[in-house]
Structures are given as C-alpha cells and as structure tokens.
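Student: Got a sequence here, can you build the structure:
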Amino acid sequence: RNRIGDAYDGVSFRRTRLQAIGKLTEFTNYSIEMDFAFAGRPSFMDVWGEQTDVPFFGTIRVGQFRQPGTMDSWTSIRHLEFLERSAAFSATDPFRRVGIMAYAMSEDERTSWAYSVYATGLTFWNGNETVYSSIGDNRNGAQIGDSGGVAFASRLTHLLYYDDLAEGRYLLHVGGGYHYAATGGSGTTGAFAKTFRSAFFPEFFVGDITGVGLTGAGTPLVMDTGRILAAGFSLTHLEFAGNAGRFHFQSEVMLEGVNQFGGPVIMQPGAYAQCGWMLTGESIGYLKQAGVLDYNVVPYSPFFGTGRAGRIGGWGAWEVAFRWSYVDLSGTNVNPANQISNVPGPPPVPNAGVYNASTVGVNWWWNRFTRVQFNWIRPMPNYVGYGLAPFDIFGTRFQVEF
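Tutor: Sure thing, here's the model as predicted:
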C-alpha cells in the first residue's frame, strides 16, 4: 500500500461490448465493436473492413484491430483462461492500432501468418492523463500529430501435430513474431516529445481504466516505466502451446528493446506459462486461422435445475488452471536525461522493478455461452530502491456471451 496505494475492493462492469460482424459481399467482411463499460463516450475496439481471396496476400484488413502480435493478444478476450491476459503481454504488446494487415493460412491449415503496417501512436501527457500510450489499446481510434510514427508487425504459427479425427483434442503449436515501431511525436522536449512508456495492472482490474492508474479509479498500476525519450522500440516473441486431452498448456517469451536517445538499448524481457486441467473431461479448442487455443468450452452436461422442488440437472464444465508471469521493467541502463516522468505517487512514476506473479484459477462453464471465473493472484513485485512488496488479489467474474 505504501508503494502503489490502496487497491480498493469493489465491483464493476469490466466489459460491456456490442459487435456487429458480417459479410457485405461474398468476399467483403466487416466488424464494428464498441465497449460501453468505461466513462465518457463508447470505446473503439475492433472496427475494420476486409477483402478475402486477394491474390498473393490472402485477406487484407483495414481499420483498427489487434495487430499481429503475441498468442495472448490474439486470444479473444471472451475466451481467456484467466480474468485478464498476462502481465508480460500488457507490458510489451502494442495491441490494437489503426493500420492495414494481410493474413493467410496454408492449404493444409497447419501454418498461418500475418503482417501489418500501422500507426504507432503518439504518447504525451496533457496535464491530467496520458492521452496515448506506446503499449495497449487505442481506444479512440485516432492518431493526431505531425509525426505519429509508423510500425511493422508480423506473426507466424505452425502446428507440429494436430489430431484431425479428434478435432484438435491433441495438438502441438509453435510460433513467433516481430514488431518494430518508430515512436511518434516531435523532438525531445515538451508534451509531444518522442517518448516510450510501458505500464500494467496486476492481472486484474476493477474500476475505470480511463483513470490511468490513479488509486481513486480502482486497481492501481503495479509497475510503470514512465515516459522515456526514445526513437522507437521492437518486440520479438516466441510461443509454444499444446493440447493433450483434458490437459492443455500455453507459454510465451517476449523481449522488448527500447531505443532511447543517447544511451544503450533498454531491454525489457517478459514471459508467462499457463496450464489447465478439465476436471469434467472436456478439452480446449483451437482456432487454426488465428493460431490460438480457444478457451470457450462446450460442457458435456450443461448446468441447469428442474425447479424449486427438483434437482440439479447437470454440473457444467469445470477447470483448474495455473499461470506464472514475469516482467522486468527495472530499466537499469536508462539514461537519467531521458527519464522525464517524476510523480511521487502513490503509485510513483516511474515505478521500476521486476514483477513475478502466480495465479490459481477455477473456471465453471454453465454452457457454451455462460461461465463463472475465480482467480487467486499473488503478485510479487520487487521495486528498485524499495524491495519486495507481495500482495494478494481475489477476483471473480460472471460472463455472458450472445
């Protein structure tokens, strides 16, 4: 509490999203997805149009969407194994941006690839909040500035093994990707300076994300590089996942390099490993085009009752899961002249350190559209100049998808 402030108890709507997705013609698709769970106007999520069956390119998509990145980022938020994506993803993956992407899959459906060019985004402080950030969603679908920055992203996946007869109940997946982003902004001074910033919540969130980590908004940021003068940054990642009947696992390693001015490259590694066991015998799905495990389980016996005088007709699907996350934002080689954030907090900015966390999860699917999740999260941040500051989070979520 002395370091990051009081992470308040509370309840909130984490996501309330409406999406219209469909076909305009046989070869033209669209998506319009908005989130109404935050203060102010609705937030842009996936808003794009695409043309399929384009020679050489496959499918070309234009608009705002999840850029080719980590396996964690390409897993739908509706079908995550835990309440939130990993801290390693949150600290390193640029995620949703406005751009143009081509993606395709091999004829045997074993290999998929995607690559894009997108607007990096402009990071600056307007006196009250960060208007834009290097990492995380672009929630207003806009980039404004004389030099907003341009980025390239790519991802390649391959199925080493896939049991077609069992529809993916047994599989082995590998993949990787690379990003390079030129930082948006102008010069090295002022609110619009070329800066990089990475910050994340402790893998759980209650409140209004537009509060930018202020403790009055709910869950505070657990680690934060602050604004660092930088010309650009890159992200390299590798992924490994598999299904073995009722058991499944997923893991990734990330390495982000920040090209600061007048100093060495700042290396920011991250990783996570997670696994789960279906107590009721079901298995996790796999989406070949996206190259991700799909944690949307169809129970063998959906949960329902037979009235006040009756009994429980089915128990749904049950899973126990575990995740370990690691992120190093210690920034030991940051040139002090490039560190332009200085907020005493709590939480302070910058708030450098090394983050480790373990999560135990229990998932209960009532049916393919409804589930209840419970997570016990044990973050163990080790802050530079402060030391180890472990704490516990107990969170639960009720989710309906239709």
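Student: can you list contacts of the longest helix along the chain?
Tutor: Ranked by residue count under DSSP state H, the longest helix found in the chain is helix 87-92. Helix 87-92 is contacted from outside by 70, 72-73, 84, 135-136, 198-203, 222-223, 235, 237, 252, 254, 256, 268, 270-272, 325-327, 329, 355, 357, using Cβ atoms under 8 Å, 6 or more residues apart in numbering. From N, CA and C alone the C-beta is placed, and that goes for glycine too.
Student: I'd like the next helix or strand past that helix.
Tutor: strand 96-105 (DSSP states H and E).
Student: what's in contact with that following strand?
Tutor: 45-46, 54, 57-68, 111-121, 137-138, 141-143, 151, 288-289.
Student: are any of the residues you listed buried, and which?
Tutor: For those, a burial check counting by 16 or more other Cβ atoms under 10 Å picks out 45-46, 58-61, 63-68, 111-116, 118-121, 137-138, 143, 151, 288.
Student: so where is the stretch 301-402 of the chain shaky, pLDDT-wise?
Tutor: Along the stretch 301-402 of the chain, the model assigns pLDDT under 70 to no residue.
Student: the strands in the stretch 51-200 of the chain, which residues?
Tutor: 58-66, 96-105, 111-119, 124-125, 130-132, 150-162, 170-182, 195-196, 199-200 (DSSP state E, counting those that start in this stretch).
Student: need the contact list for Thr120.
Tutor: 94, 97, 134, 143, 148-151, 181-184.
Student: can you do 7 Å?
Tutor: 148-151, 181-184 (Cβ atoms under 7 Å, 6 or more residues apart in numbering).
Student: State the pLDDT value of it.
Tutor: For Thr120, the pLDDT comes out at 87.
Student: quick one: it from Phe152, how far?
Tutor: 10 Å (Cβ to Cβ, to the nearest Å).
Student: Using neighbour counts, pick out the buried residues of whichever strand in the chain runs longest.
Tutor: Ranked by number of residues, the top strand in the chain under DSSP state E is strand 228-244. Neighbour counts over strand 228-244 (16+ other Cβ under 10 Å) mark 228-230, 232-235, 237-243 as buried.
Student: for stretch 352-364, same thing?
Tutor: In stretch 352-364, counting by 16+ other Cβ under 10 Å, buried: 352-357, 359, 361, 363-364.
Student: Outside of that stretch itself, list whatever touches it.
Tutor: 81-82, 87, 202-203, 222-223, 225, 316, 318-331, 371-384.
Student: List buried residues within these.
Tutor: Buried among the contacts of stretch 352-364 (16+ other Cβ under 10 Å): 81-82, 87, 202-203, 222-223, 225, 316, 318-319, 321-331, 371, 373, 375, 377, 379, 381, 383.
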